[in-house]
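>>> Quick one, structure for this:
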Amino acid sequence: MSECRICPRACGADREAGNIGFCGTPEDIFVSRAALHMWEEPCISGKNGSGTVFFSGCNLHCCFCQNYDISRGSQGKKITVERLAEIFLELQARQANNINLVTPTHYAFAIIPAIELAKNKGLTLPVVYNCGGYESVDTIKRLADYVDIWMPDMKYKSAELSARYSNAADYFERASKALEEMVRSTEAKGGMAFSEDKPEEMIMTRGVIVRHMTLPGATADSKRILRYLHESYGDRIYISIMSQYTPMPHIMNTDKFPELKRKVDPAEYGRLVDFAERIGIENAFIQEGEVAEESFIPQFDCSGV
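Alright, predicted model coming up:
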C-alpha cells in the first residue's frame, strides 16, 4: 500500500501514508452501506437477500456510474478490519445468502484479514467478489482462497468506448485476463456449485457470473462481449445481461456524453437478448420490466456500518 499496484491503474500512491490513490481513497476502509440486498441475480439474492457491503471509491470512475455518490470515495464511514469482520458476521446473523463485496478492488488486501478473522469467529457464508472487472491477475490470485463467487463486470470490448467512458483503453485486455484467472480458480475448486439447503432457490455457493450492462447505442459492442463470453466459456459461467442503465444527474448536467442521456430502448435490449439466444447462450439472466430507475439504487446512508 506504500506504492499501490493493486489494480491495473498501478498509480503508485502511498496510500499507507494517507495519500489518495486513483480509486479516491487512502489505505483506510470506507464503507457506505451494509445490508440485505434483494435485487441481485436470483441465485445470489434468493428470498433472504444478499449480504452486501458497499465500499466507497472505485478504480474505474466510469462517467455513467450508477453508484456515483460513493464511487468517487467522498462518502462512507471509516472502519477497521475488525469492524468489517463484525459486519460480515452481522449479515450472516440476518440470514444473508452470502457476503457480497461491492466495488472491493482497492481494499482487497484489507478484506483478506477481515475474512480470516470472521471465519475464525464462525463465518460460513460464501464470499462474492462483485467488481468492475478491471483487475490485476496477481490480485485475483491472492484472493482465490477467500472468494467463492466471482461476479465481475465485462463492460466493453471496444477500446474506444472504454477509453471514452472509463479512461481505460486497456479495459478488455485486463478484464479478460482477470476473468480467465477467476474461472481457472473456480474450476480448481471443483467448478460451479449450489446450496443443498435450498435446492428450490438454486443459491450459488461457488461459480462465476459475468455482468454486462448494455449502454444506449452500444448494442454492437454488447454483442461482441456476449459472443466472446460464450465462445470462451460456454456454460462454465453465467452471463447476466442487464438493461438497467439509468442516466444519472451528473450525466444529464454535462454536454460531454449526449448519447448517454437516455435509457436503453426496450427494442435495443430485446434484440440483444434475441442475439444471445441465437448464438446459444443458455446460462443467462435477463432483466424484465422497468428496471432503469434510480429507485433500484440503494441509499448510501451508512446503514449497517
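
>>> ok, the nearest residue to Gln287 once chain neighbours are set aside - how many residues close by?
In space, Gln287 comes closest to Ser243 once its chain neighbours are excluded; the distance is 4.8 Å by CB to CB, 6 or more residues apart in numbering. Quick note: C-beta positions are derived from backbone N, CA and C, even for glycine. Ser243 has 22 neighbouring residues, counting by other CB atoms under 10 Å.

>>> try Gly24
18.

>>> State the distance from it to Thr214.
Distance of Gly24 to Thr214, given as CB to CB, to the nearest Å: 26 Å.

>>> Leu89 now?
Taking CB to CB, one finds Leu89 at 37 Å from Thr214.

>>> With neighbour numbers in mind, choose between these two.
Legend: neighbour count by other CB under 10 Å for Leu89 and Thr214, higher for Thr214 (23 against 18).

>>> Angles on the backbone of the more buried one, please.
Note on Thr214: backbone dihedrals following degrees, to the nearest 10 are phi -70, psi 140.

>>> Other residues contacting the worst-scoring helix or strand of the chain on mean pLDDT?
Least confident helix or strand, the chain: helix 68-71 with a mean of 84, by mean pLDDT, DSSP states H and E. Contacts with helix 68-71, where a contact means CB atoms under 8 Å, 6 or more residues apart in numbering, come from 24, 32, 54-58, 60-62, 65, 75-76, 103, 248, 250, 300.

>>> Just the ones of these in helices?
When DSSP state H defines the helices, the subset of the contacts of helix 68-71 inside them is His250.

>>> Now, of the contacts of helix 68-71, which are buried?
24, 32, 54-58, 60-62, 65, 75-76, 103, 248, 300 (16 or more other CB atoms under 10 Å).

>>> Least confident of the residues you listed?
Ranked by pLDDT, the buried ones among the contacts of helix 68-71 bottom out at Gln75, which has 81.

>>> hang on, that residue packs against Ser56?
Yes. When contacts are counted by CB atoms under 8 Å, Gln75 is listed as touching Ser56 (5.7 Å).

>>> Now Leu36. Its backbone dihedrals?
Torsion angles, degrees, to the nearest 10, at Leu36: phi -70, psi 130.

>>> just to revisit the earlier point, buried set for whichever helix or strand comes after the least confident helix or strand of the chain?
Using DSSP states H and E, the helix or strand that follows helix 68-71 towards the C-terminus is strand 77-79. Of all the residues in strand 77-79, those buried under the rule 16+ other CB under 10 Å are Ile79.

>>> Give the partner strands of strand 77-79 in its sheet and their orientations.
When pairing is defined by DSSP bridges, strand 77-79 lines up against strand 29-37 (antiparallel).

>>> And the contacts of the partner strand?
Residues from elsewhere that reach strand 29-37 (CB under 8 Å, 6+ apart): 45, 48-57, 69-70, 73, 75-81, 84, 87, 90-91, 94, 96, 100, 107, 110, 298-305.

>>> Buried ones among the residues you listed?
45, 48-57, 69-70, 73, 75-76, 79, 81, 84, 87, 91, 96, 100, 107, 110, 298, 300, 302, 304-305.

>>> now, among the buried ones among the contacts of helix 68-71, which is nearest to Ser222?
Ser222 lies nearest to Cys62 out of the buried ones among the contacts of helix 68-71, by CB to CB, at 15.3 Å.

>>> Name the nearest residue to the closest one, ignoring sequence neighbours.
Computed as CB to CB, 6+ apart, the closest residue to Cys62 that is not its neighbour in sequence is Ser166, at 4.7 Å.

>>> Quick one: neighbours of the one you found, just the number.
Ser166 has 21 neighbouring residues, counting by other CB under 10 Å.

>>> contacting residues around it?
So Ser166 contacts 60-63, 134, 155-156 (CB under 8 Å, 6+ apart).

>>> Tabulate those (a markdown table), appending distance to Ser176.
Formatted as a markdown table, those follow (distance: CB to CB, whole Å):
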| residue | distance to Ser176 |
| --- | --- |
| Leu60 | 15 |
| His61 | 20 |
| Cys62 | 18 |
| Cys63 | 22 |
| Tyr134 | 11 |
| Lys155 | 12 |
| Tyr156 | 11 |
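
>>> Okay, and which of the buried ones among the contacts of strand 29-37 map to strands?
Under the assignment DSSP state E, the buried ones among the contacts of strand 29-37 contribute 50-55, 79, 100 to strands.

>>> Can you pick out the most distant pair from those residues?
Ser50 and Ile79 (19.7 Å).

>>> remind me, longest helix of this structure?
Secondary structure of the chain per DSSP H: the longest helix is helix 171-188.

>>> where does the nearest residue to Glu41 once chain neighbours are set aside fall, helix, sheet strand or coil?
Excluding its sequence neighbours, the residue lying closest to Glu41 (CB to CB, 6+ apart) is Phe285, at 5.0 Å. Taken by DSSP: H, G, I helix; E, B strand; the rest coil, the conformation at Phe285 corresponds to strand.
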